[in-house]
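> here is my input; please provide its structure:
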Amino acid sequence: MDLSLKRLEEAVGVRRQIDALEQRLAALVGGSRPTSTSSSSKKTTGRRTMSEATRAKIAAAARARWARARGGRKTSSVTTARPARTGRRRGRMSAASRKKLSDMMKARWAARRRSEKK
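Below is the predicted model:
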C-alpha cells in the first residue's frame, strides 16, 4: 500500500481528531478513555466478588456432597491412621483370577520366545 505524504498527514489529522473526541466523550460521561478505538471491546474491572452468605452456602453444599460421598462417616481433622474399611473391597482381584492371568501371560511370552527363535 503506497501512501503519499499528503494522505499520511491527512490520516494523522483524522487520528488526532478521533483522540480529541474520545477525550471529550470521556469527560462528559465520566469514564476513562478506552484503550482501543473499537466500540465492541469490553473492559474488565478486576475480579468478581462473592458475598459471605453465598460463600457459606457453597461451602455447606460442598460439605454435604463430601458427607454423602463418605457415606455419613465422621472424620476428624487430626487423624493419623486411616479408618478401617467396611464392606467389599473394590477393584481387587481374587487369587484364582490373578493366577489365571499370570498363566495366560506366561503362555503368551513363551509363544513369543518360540516365534523369535524360528
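
> name the helix or strand for K100, please.
helix 95-117 (DSSP states H and E).

> can you give me the helices for the chain?
Counting by DSSP state H, the segments of the chain that form helices are 5-29, 52-70, 95-117.

> mind putting those into TSV with distance to G46?
Every residue, glycine included, has its C-beta placed from N, CA and C. Shown next, in TSV, are those (distance: least, C-beta to C-beta, whole Å):
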stretch	distance to G46
helix 5-29	20
helix 52-70	18
helix 95-117	57
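
> export these to TSV and tack on mean neighbour count and mean pLDDT?
As requested, the helices of the chain are arranged in TSV below (neighbours: other C-beta atoms under 10 Å; pLDDT from 0 to 100):
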stretch	mean neighbour count	mean pLDDT
helix 5-29	10	91
helix 52-70	10	93
helix 95-117	10	94
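
> just the CA coordinates for the helix holding K100, please, in CSV.
Extracted as CSV, the C-alpha positions of helix 95-117 are listed here (Å, rounded to 0.1, in the frame of the first residue of the first chain):
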residue,chain,number,x,y,z
ALA,A,95,-6.1,-65.2,43.9
ALA,A,96,-7.7,-67.5,41.3
SER,A,97,-8.1,-64.7,38.8
ARG,A,98,-4.6,-63.4,39.4
LYS,A,99,-3.2,-67.0,38.8
LYS,A,100,-5.3,-67.4,35.6
LEU,A,101,-4.0,-64.1,34.2
SER,A,102,-0.4,-65.0,35.2
ASP,A,103,-0.6,-68.3,33.4
MET,A,104,-2.1,-66.6,30.3
MET,A,105,0.8,-64.1,30.2
LYS,A,106,3.4,-66.8,30.7
ALA,A,107,1.9,-68.7,27.7
ARG,A,108,2.0,-65.6,25.6
TRP,A,109,5.6,-64.8,26.5
ALA,A,110,6.6,-68.5,25.8
ALA,A,111,4.9,-68.3,22.4
ARG,A,112,6.7,-65.1,21.6
ARG,A,113,10.0,-66.6,22.6
ARG,A,114,9.3,-69.6,20.4
SER,A,115,8.4,-67.4,17.4
GLU,A,116,11.5,-65.3,17.8
LYS,A,117,13.8,-68.4,17.8
